[in-house]
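*Asks:* structure for the following, please:
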Amino acid sequence: MNRHSRRTAASHKKKMVDINAAEALQLAIRHHKADELQQAEAIYLRLLEAIPDQPDALHFLGVLRHQQRRTEEGIALVRRALEEAPEYVDAWNNLGNLYKESERLAEAEEAYRRALALNAEHGGAWNNLGILLRVHGRAEEAVEAFRHVLRLSPSYAEAYFNLGNALRVCGQVHEVLAAYRHAVALNPRHARAHYLLGYTLYLVGEHEEAAGVFRAWSEVEPGNPIPRHMLAACSGEDVPARASDDYIRSTFDTFAESFDEMLLQRLDYHAPDLLATALGGVLDAPAGALEVLDAGCGTGLCGPLLKPWARRLVGVDLSGGMLEKARARGVYDYLEQAELAAFLGARAGTYDVIASADTLCYFGELGAVTRAARGALRPAGWFGFTVERADGEVAGGYRINPHGRYSHAADYVRAALLDAGFEAPQLTPAVLRLEIGEPVQGWVVLARVPPAV
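*Replies:* So this is what the prediction gives:
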C-alpha cells in the first residue's frame, strides 16, 4: 500500500469512528432524556475511552454526575468540555446550573453571562440567570431577564411563571396576576402557577375569581387533590378536618426540588431554628443520648439541629420527594414514608423527643395526632411543634386559611395536649415565616409527658 492509500484508509477509518461516535452519543442522550442514567453513563464512558476529549460526552456526563449527586465531578467534566470547546454555549449554561446548585453563585452568574456573550438569544441562559437574580435579591434585573426570554419565546409558560415571581418581589400585583394568567393559559397543568394565581387573587380580595381558578384547575386535572383542597380553603366549603394524604404527597412532591430555596430565601423561614431553640431550653445539654423523631421531616431542615441530642435520629414524612432531599443530608439514621399519626401509633413508648416543625399546620383537628404523639413518647419525653396562630373568635378552635394551611387558637392547642395526657403545655408566640411579604404569626409549643412514678 503506497503513502496515498494509507492516508486514504486512515481518513476513512477516522470518519467511521466519528460516525459511530455520533450514533453512540445520540443513543446515550436518548437514554439520558428517558432518565435511564446507568445506560447513558455506560455509553458516555465508552465514548470517552475511545475519544477522551469528546466535548459532548464530557458535557453530558458532567450533567449526569450532578444527577447522581456527584456535582463536583460534574463541574470538572463540564469544565473539561469547555477547555476543548470554549464556545460551547449549552455547556456554559449547564456549568452555571451546576455552580448554582453548589451555591457558587458568582461563578454561576459568570457562566450564564459567558453563554449569553456567545449567544444573546439563548433563552435557557436568560431564564436561568433570571432565577439566580431573583433568588438573591436582584428582582428588577430578574424581571428584565425574564422579559428577554419572553421576547425570544412568547409561548414559554415557565418564563411567565418566573416573571410573575420576580414581579411579586417588586410589589407589582396587577402585573403578577397577568404573568400567572399567561402561564396557566399556556400550560393548563402548571401546578405552581395555578396555586399562586388563585392564592394571590384571594389576597387582593378577588375571592370568587380565586375559587374559579381552583375550580377550573380541578376540571383540567380531576384526579389532582391540590386544587380540591385549595378550593375548600378559599371558598370555605367542604373543609376537611385535616389535609388529605394525597394533597400532602402531591404538594410536597411537586415543590421538593425548590422547597429549601423557597422557604429559606423567599419566605424567611424560622420554624426549625425556633423549635430547636425552644427544645434546647428544656433538654439537657446535647450528648447524643436520646431517641429523637423528626415528625414531618420534609427535606430535613431540622435534622442537623436535632442531631446533637440524638443517639438515633428518625425522620418520617408523607412525601417521597422530600425524603430524598432529607436522605441527601446524611444526618438521619432512619427515614420512612408514612402518615404521621399512623406511624406514631405503631411505636408506643419509643422516643424521648418528638419535634415537628411546620407539619401540624396541615391538621385542623389535633386530637388524633397529639394522642398518637403521647403514646409514642417515653415518660418525661418532650413533644415540640409549631402551628400557625388563629386570633379572635374561632369556631371549633381552628380554621383553614386561603394558603391551604390551618391556624389554631391557643386554648384549643392547650386543651388537645391536656386531653392527650401531656402536662403544662407552653405556647410561645413567634413569626414563623413570611407569606407574600407579610409575617405569619404562630406558636412554638412544648409539652411533656409526666415522669414515671
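*Asks:* gap between Pro188 and Trp382?
*Replies:* Here the criterion is CB to CB, to the nearest Å. By it, Pro188 lies 47 Å from Trp382. Using the backbone N, CA and C atoms, a C-beta is placed for each residue, glycine as well.
*Asks:* those two: which is more packed in?
*Replies:* Trp382 (22 against 15; other CB atoms under 10 Å).
*Asks:* can you name the helix or strand that that one falls in?
*Replies:* Per DSSP states H and E: Trp382 is located in strand 377-389.
*Asks:* sheet-wise, list the partners of the next helix or strand after that strand with their directions.
*Replies:* Helices and strands here follow DSSP H and E; after strand 377-389, the next one along the chain is strand 398-400. Sheet pairing of strand 398-400 (DSSP bridges) gives strand 406-408 (antiparallel).
*Asks:* contacts for the strand it pairs with next, please.
*Replies:* If you take CB atoms under 8 Å, 6 or more residues apart in numbering as the criterion, strand 406-408 is touched by 242-243, 360-364, 366, 387-390, 394, 397-401, 443.
*Asks:* just the buried positions in the host helix or strand of His182, please.
*Replies:* Assigned by DSSP H and E, His182 belongs to helix 173-186. Neighbour counts over helix 173-186 (16 or more other CB atoms under 10 Å) mark Glu175, Val176, Leu177, Ala179, Tyr180, Arg181, His182, Ala183, Val184, Leu186 as buried.
*Asks:* and what of stretch 317-336?
*Replies:* Of the residues in stretch 317-336, those buried (16+ other CB under 10 Å) are Asp317, Leu318, Ser319, Gly321, Met322, Leu323, Lys325, Ala326, Val331, Tyr332, Leu335.
*Asks:* and the last one, what are its bridge partners?
*Replies:* Same thing as Leu335. Gly315.
*Asks:* what's it in contact with, if anything?
*Replies:* Leu335 makes contacts with Cys297, Val314, Gly315, Val316, Asp317, Leu323, Ala326, Arg327, as judged by CB under 8 Å, 6+ apart.
*Asks:* please tabulate the residues you listed in TSV, including the columns distance to Gly375.
*Replies:* Listed next are the contacts of Leu335 as TSV, based on distance: CB to CB, whole Å:
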residue	distance to Gly375
Cys297	20
Val314	16
Gly315	19
Val316	15
Asp317	20
Leu323	24
Ala326	24
Arg327	27
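*Asks:* looking at the residues you listed, which is nearest Ala430?
*Replies:* Taking CB to CB as the measure, Ala430 lies nearest Cys297 of the contacts of Leu335, at 20.2 Å.
*Asks:* distance check, the closest one against Ile354.
*Replies:* Taken as CB to CB, the span from Cys297 to Ile354 is 11 Å.
*Asks:* same thing with Leu279?
*Replies:* 10 Å.
*Asks:* all set, thanks.
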